[in-house]
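Sequence first, predicted model second:
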Amino acid sequence: MRFERFPIVLALLAIMCLVASPMFGQSLTSGSITGTVFDPSHAVVPNATVTLKGLDTGSSATAVTNASGSYSFALLKVGRYQVTVKQPGFAEVAQTLDVQVGQVSKVDIELVVAKGTETVEVSGSAPLINTEPSQNTAFTEAEVAQLPSAGGDITNIADTAPGAVVNGTGGYGNFTVNGLPATSNLFTVNGENDMDPYFNINNSGASNLTLGQNEIGEATVITEPYGGQYGQLAGAQITYVTKSGTNQFHGNAMYWWNGRLMNANNWMNKESELFSGAANQAPFSNANQWATSFGGPIVKNKTFFFVDYEGMRFLLPNVDQVTAPSSAFITAAEAAVASLHPNESTDYNKLMTLWQTAPGYSSAAVNTPSPGDECDSLVLPGWTTGSLTPCSVHYTAIPSALAWEYILSFRVDQKLGNNDNIFGRYKLDHGLQPTHIDPINSAFDANSSQPSWDSQVQETHVFSPTKTNSFTATLSHYVAIFNAPNAASTFNYGQAFSGFASAYDFTSPNSEAEAFPQGRNITQYQFIDDFSWTRGNHTFKFGENFRRYDISDHNFFWNSPIVYWGYGGTTFQQFAQGEAFQYRKAFNSSSNVPVATWGIGVYGQDEWKATRSLKLTLALRVERNSNPVCQINCFANLTGEFYSSGGGRVWLYRWFLGRSVQRGH
């Protein structure tokens, strides 16, 4: 149970659970082992020595069973382990098991009377137990690798967890859990928030996929996370732990290709009249994806490394229906503008040239007007009213652009001594996203170069067989700026034509001008600590999770291009005469709004094994999320107001705090 807001008066809330086995504390990056030692008569054995050995790294730890014959090892790194029990008068008993993230492996040992110096090896897997009301779905390394995942996106595994439904309601977030919004899920990698605080969704790169399937060692999807160690968001918590090196060298290499030859054409392309001519062929597409990794020991039983490199390059086409002015209309309209508005003629002609030189225009099909409609009743130089001369044409455009992304991660694990282990990880993610592909002219394309990096350090210290602490510090940064760098120099106007009568709603060049530039830069700091202490039949756990986000917000629209020239709202006759509906100009003093936000969660819990079949849990979590705070000059008045006219109207614009106010005169 947790408080989402800091209460005025703190109150304790006890959650009392009737369970069959105890659950000892673990964090979002580790697992635990617990069990009981019995003699041949099934009586508990106190003061038995239990040794834990890490088979991957050679690490070791020792515990002694308590008066109830129980033992535990908390905050363990995921991997393969061997539990061995030695007790005078009995044979040595050993059992091998896998520790999974967020799970408790139950290993009960039954001793046998010694026959010399024999060792009894117990086969079979240790059962995983979950005594909390949450539902945990764990994925091993093999399951993560083999589950189908489009594009290698690691978030797809959550779709297979009970209660998860693909988000089909729109908005942000890729799945919902138990009816909660898709923006209430928390993703963590090695305990660090892998979240975009701007939209409250998982981080992704230029491909809008979260790459890294080849790097993930284990994952767990936790729905209804009620434990004290969980917090921040009320939906599912998806935790990932990355692979690390072991005493054995290991690696892999994979490559996938998917192109037009692998995909059949669809019925719409082949049969619809909208896709006539060459466009009825399947559009060219090509996708290349790869993944390779390598890891092993630097110093056996002490220092280990793991490197992963994944990426993709793909070409995906857009299929756009374009409506443009006919050559006859352009000739008549340019003559009208030259006569009525000579100062506007140059820009008007340039707009028409963009349509005429667009790919596909030469093979466009005409749209025959209806008698008496806007086209048939035009009054223009050289235009014959009532002649049904076409004003528009249509064609199918298939623009495309190359997109790419790769990640390169490097992890080193170091055993500092018998009681200390530390690892460091660095990941670089870089890519290019074709954000908008203009069907009229590629100079209006908008792209986004999205470099990011992430660094983590985690240290685990064993104070004693009953006390363990894990501390994690992280720092990450990503850039997601979207811009059309050549748009203004090609045609220094915004959305040139939109919202007009449906039959002649010409597809506008640079139609997304008002949307660029936009984006954000985000830096994240995070500090996480978990402490586990087993005392008798009690397991105490305490922890904190502090995170801060510095956000550089570049989402002030109307920065570029300088002028907006719109014909929406005019009659078709007015457009043919070059009379614009409105002009706009932005005077933002800064395109960057630097804000920051932070949050902290603190928890404590006591798990008391009252009897062999009864456990009582008392947990308290306090969660505090700040409001956004201004860093430097976030909001400011602009330089002043200005007037402009068009289409017989004069508009006054005053911009303040990102809103526009307009008054007609």
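Looks like it came in fine. These numbers come from a predicted model, not from an experiment.

Low-confidence stretches in the stretch 201-350 of the chain?
For the stretch 201-350 of the chain, residues meeting the criterion pLDDT under 70 lie at 226, 267-282.

need the strands for it, in chain order.
Chain-ordered strands for the stretch 201-350 of the chain, with DSSP state E, counting those that start in this stretch as the definition, fall at 201-202, 216-223, 237-242, 250-259, 286-299, 303-317, 320-325.

got those strands as JSON lines, with distance to residue 162 and mean neighbour count columns?
Where you see a C-beta, it was placed from the backbone N, CA and C, and this is true even at glycine. As requested, the strands of the stretch 201-350 of the chain are exported to JSON lines (distance: least, C-beta to C-beta, whole Å; neighbours: other C-beta atoms under 10 Å):
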{"stretch": "strand 201-202", "distance to residue 162": "20", "mean neighbour count": "21"}
{"stretch": "strand 216-223", "distance to residue 162": "7", "mean neighbour count": "23"}
{"stretch": "strand 237-242", "distance to residue 162": "14", "mean neighbour count": "26"}
{"stretch": "strand 250-259", "distance to residue 162": "29", "mean neighbour count": "12"}
{"stretch": "strand 286-299", "distance to residue 162": "28", "mean neighbour count": "16"}
{"stretch": "strand 303-317", "distance to residue 162": "29", "mean neighbour count": "19"}
{"stretch": "strand 320-325", "distance to residue 162": "41", "mean neighbour count": "19"}
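
Which one of those strands lies nearest to residue 391?
Using C-beta to C-beta as the measure, strand 320-325 is the one of those that comes nearest residue 391, at 6.6 Å.

what comes into contact with the closest one?
The contact list for strand 320-325 (C-beta atoms under 8 Å, 6 or more residues apart in numbering) reads 274, 333, 352, 355-356, 358, 360-361, 364, 367, 391-399, 439-440, 504-507.

Helices - which of those land there?
For the contacts of strand 320-325, membership in helices holds for 333, 352, 355, 356, with DSSP state H as the criterion.

Export those as a markdown table, with columns for distance to residue 210.
A markdown table is the format used below for these (distance: C-beta to C-beta, whole Å):
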| residue | distance to residue 210 |
| --- | --- |
| 333 | 49 |
| 352 | 45 |
| 355 | 40 |
| 356 | 43 |
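
Of the residues you listed, just the buried ones, ChimeraX syntax please.
Per 16 or more other C-beta atoms under 10 Å, the buried members of the ones in helices among the contacts of strand 320-325 correspond to this ChimeraX selection:
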select :333,352,355
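
out of the ones in helices among the contacts of strand 320-325, who's nearest residue 80?
For those, the closest approach to residue 80 (C-beta to C-beta) belongs to residue 355, at 65.9 Å.

from what I can see the closest one touches residue 330, true?
Yes: under the criterion of C-beta atoms under 8 Å, residue 355 is in contact with residue 330, at a separation of 7.4 Å.

thinking again about what came up before, could you work out which of the strands of the stretch 201-350 of the chain reaches nearest to residue 409?
strand 303-317 (4.9 Å).

Return, as residue ranges, the portions of the chain with sub-threshold pLDDT.
Of all residues in the chain, those with pLDDT under 70 make up the ranges 1-28, 115-134, 226, 267-282, 492-503, 556-570, 580-590, 633-665.

can you rerun that using 50?
1-26, 273-279, 561-564, 638, 642-665 (pLDDT under 50).

What residue spans form the domains of it?
Using automatic domain parsing, the domain parsing of the chain gives 21-129, 135-242, 321-397.

The chain: helices as residue ranges?
141-146, 267-271, 327-340, 345-356, 487-490, 572-576.

tilt between the fourth one and strand 320-325?
Between the axes of helix 345-356 and strand 320-325, defined by axes from the mean of the first three to the mean of the last three C-alpha atoms, to 10 degrees, the angle is 140 degrees.

next one: helix 345-356 to chain centre, how far?
41 Å (C-alpha atoms, centre = their mean, to the nearest Å).

Just the angle for that helix relative to helix 327-340, thanks.
Going by the same axes, to 10 degrees, helix 345-356 makes 170 degrees with helix 327-340.

got the contact list for helix 345-356?
Looking at helix 345-356 with C-beta under 8 Å, 6+ apart, the contacting residues turn out to be 324-325, 327, 330, 333-334, 337-338, 341, 361, 440-441, 491, 493, 496-497, 506, 509, 565, 578.

can you list the helices of the chain in TSV and add distance to residue 55?
Written out in TSV, the entries for those read as follows (distance: least, C-beta to C-beta, whole Å):
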stretch	distance to residue 55
helix 141-146	15
helix 267-271	56
helix 327-340	76
helix 345-356	67
helix 487-490	59
helix 572-576	76
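
Of the ones you listed, give the one that comes closest to residue 531.
The nearest among these, by C-beta to C-beta, is helix 141-146 at 27.9 Å.

Residues contacting that closest one, please?
Residues beyond helix 141-146 that count as contacts (C-beta under 8 Å, 6+ apart) turn out to be 154, 157, 213, 214, 216, 217, 218, 219, 243.

Spell out which residues sit in contact with the second one, please.
For residue 157, the contacting residues are 139, 143, 144, 147, 149, 219, 221, 238, by C-beta under 8 Å, 6+ apart.

if I look at it, how far off is residue 412?
Distance of residue 157 to residue 412, given as C-beta to C-beta, to the nearest Å: 26 Å.

Repeat that for the third one.
Computed as C-beta to C-beta, the residue 213 to residue 412 distance reads 21 Å.

same check, this time on the fifth one
Residue 216 is 18 Å from residue 412, where distance means C-beta to C-beta.

sorry, back to before: nearest to residue 260, of the ones in helices among the contacts of strand 320-325?
Closest approach between the ones in helices among the contacts of strand 320-325 and residue 260, by C-beta to C-beta: residue 355, at 29.2 Å.

what about that closest one, distance to residue 486?
Remark: distance between residue 355 and residue 486 (C-beta to C-beta) = 18 Å.

could you list every residue that touches residue 520?
So, once contact is read as C-beta under 8 Å, 6+ apart, residue 520 ends up touching 198, 480, 481, 551, 552, 553, 554, 555.

Any chance of a PyMOL selection covering the buried ones in those?
One line in PyMOL is enough to select the buried members of the contacts of residue 520, burial here meaning 16+ other C-beta under 10 Å:
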select buried, resi 480+481+551+552+553+554+555
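
so residue 422 touches residue 414, yeah?
Yes: with contact taken as C-beta under 8 Å, residue 422 and residue 414 are classed as touching, separated by 5.2 Å.

got any residues that touch both of those two?
Common neighbours of residue 422 and residue 414, using C-beta under 8 Å, 6+ apart, do not exist here.

Please check the contacts of strand 320-325 and keep the buried ones.
The neighbour-count test (16+ other C-beta under 10 Å) applied to the contacts of strand 320-325 identifies 333, 352, 355, 358, 360-361, 364, 367, 391-393, 395-399, 439-440, 504, 506-507 as buried.

hang on, the earlier thing: between the strands of the stretch 201-350 of the chain, which gets nearest to residue 33?
Residue 33 sits nearest to strand 216-223 of all the strands of the stretch 201-350 of the chain, at 15.2 Å, using C-beta to C-beta.

Partner strands of the closest one and their direction?
Applying DSSP bridges to the sheet, strand 216-223 is found paired with strand 135-139 (antiparallel), strand 237-242 (antiparallel).
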